[in-house]
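[1] Make a model of this:
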Amino acid sequence: MNTAPASLGLIAGNRTLPLEFARHARAAGVKKLVAVAFENETDSELAKLVDEIVWLRVGQLSKMIAAFTDRGVKQCVMVGQIAPKNLYDLRPDLRAVGLLLRLKEKNAHTIFGAIADELKKDGVELIDATPWLAPLMPGKDFQLGPKLCAEQKADVEFGLRIARETSRLEIGQTVVVKNGAVLAVEAFEGTDKCLARGGELAGRDGGAVAVKVAKPDHDMRFDIPCIGSQTLEVCAKSGVAVLALESGKTLLLEREACEALARKNKISLTTI
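    This next block holds a predicted model:
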């Protein structure tokens, strides 16, 4: 970031991305970080990296917005996942109930887009976190693990066509293929379960190829595609031999751990 805001809000989901963001934001000059964290989701280690942290349940929209407005925070970012099941198990407050009733379609983009609108009504702008996270996004010709053979390259191209279509249709952003056949398509269950299912369907010999893309006109404010060491571990257990990411649009977390896992398990991690 050329000019870092003096204070910034952080809506923090699970896994390591909120921690990585906090470190990068500090390094970029953000003086005050106020985090909203979710019970049974957010890593408690985040508290050590921010100035203030407010814990709440998924669905407490009024409390989340007040966490920023009460502290004079005018801009915030949203990073980290919320487990899909928690979007259905949530106990919404009155403001969240009103938001959900207004939505004709209920998916990640419509729900989080509506949350951004609610924040804006109270003077808080939800902004894109990627300027702080750009160093974590592999670019063109990135490669870890073995080089792809001709058959794998063909499957990557095939998987890319399918993944772009499924993401356009709001189904999911990850597909698993092998020998020109679609084994699994990500839907509400998330990337890891899609990889596990696709790897299992590849048979005893393994060799599945997974492709992950960003959807057309992807709104990076609240849904940044990312993978980390847990993703590579799922690939290793499931027999997924290739994981291809869209260059410049997917975050690679815990890079050293991912490099070690790719080498150990002969997994090709590449950008397209």
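[2] If we go by neighbour counts, what in the longest helix along the chain is buried?
    Longest helix of the chain, by residue count under DSSP state H: helix 150-168. Within helix 150-168, the residues that count as buried by 16 or more other Cβ atoms under 10 Å are Gln152, Lys153, Asp155, Val156, Phe158, Gly159, Leu160, Ile162, Ala163, Arg164, Thr166, Ser167. (C-beta placed from N, C-alpha, C; glycine too.)
[3] Would you mind checking the average pLDDT for it?
    Per-region confidence: helix 150-168 scores 96 on mean pLDDT.
[4] Could you do stretch 53-69 as well?
    Mean predicted lDDT for stretch 53-69 stands at 94.
[5] Could I get the full set of helices for the stretch 151-272 of the chain?
    191-201, 229-238, 255-265 (DSSP state H, counting those that start in this stretch).
[6] out of those, nearest to Ala28?
    Taking Cβ to Cβ, helix 255-265 is the member of those nearest to Ala28, at 18.9 Å.
[7] Residues in contact with the closest one: which ones?
    136, 144-145, 227-229, 232-233, 235-236, 252, 267-269 (Cβ atoms under 8 Å, 6 or more residues apart in numbering).
[8] same question, stretch 228-243
    Residues contacting stretch 228-243 (Cβ under 8 Å, 6+ apart): 15-16, 148, 152, 155-156, 176, 191-192, 195-196, 198-200, 202, 205-210, 212, 227, 252-254, 257-258, 261-262, 264-270.
[9] same question, stretch 63-73
    Contacts of stretch 63-73 (Cβ under 8 Å, 6+ apart): 7-9, 11, 34, 36, 52, 54, 56, 74, 76, 93, 95, 118-119, 122-124.
[10] Can you flag the buried ones in those?
    Members of these classed as buried by 16+ other Cβ under 10 Å are 7-9, 11, 34, 36, 54, 56, 76, 93, 95, 118-119, 124.
[11] Alpha carbons of stretch 8-24, as PDB, please.
    Taking C-alpha atoms only, stretch 8-24 is exported to PDB below (Å, rounded to 0.1, in the frame of the first residue of the first chain):
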ATOM      1  CA  LEU A   8      -8.100  -0.500  10.000                       C
ATOM      2  CA  GLY A   9     -10.800  -3.000  10.900                       C
ATOM      3  CA  LEU A  10     -10.300  -6.700  10.400                       C
ATOM      4  CA  ILE A  11     -13.200  -9.200  10.000                       C
ATOM      5  CA  ALA A  12     -11.300 -12.400  10.800                       C
ATOM      6  CA  GLY A  13     -12.400 -15.800   9.700                       C
ATOM      7  CA  ASN A  14     -10.500 -19.100  10.400                       C
ATOM      8  CA  ARG A  15      -7.100 -20.500   9.600                       C
ATOM      9  CA  THR A  16      -3.900 -18.500   9.200                       C
ATOM     10  CA  LEU A  17      -4.800 -15.800   6.700                       C
ATOM     11  CA  PRO A  18      -6.000 -13.200   9.300                       C
ATOM     12  CA  LEU A  19      -2.700 -13.600  11.200                       C
ATOM     13  CA  GLU A  20      -0.700 -13.200   7.900                       C
ATOM     14  CA  PHE A  21      -2.800 -10.100   7.100                       C
ATOM     15  CA  ALA A  22      -2.200  -8.500  10.500                       C
ATOM     16  CA  ARG A  23       1.600  -9.000  10.100                       C
ATOM     17  CA  HIS A  24       1.600  -7.500   6.600                       C
END
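[12] Now do the buried residues in that stretch.
    So stretch 8-24, judged by 16+ other Cβ under 10 Å, has buried residues 8-22, 24.
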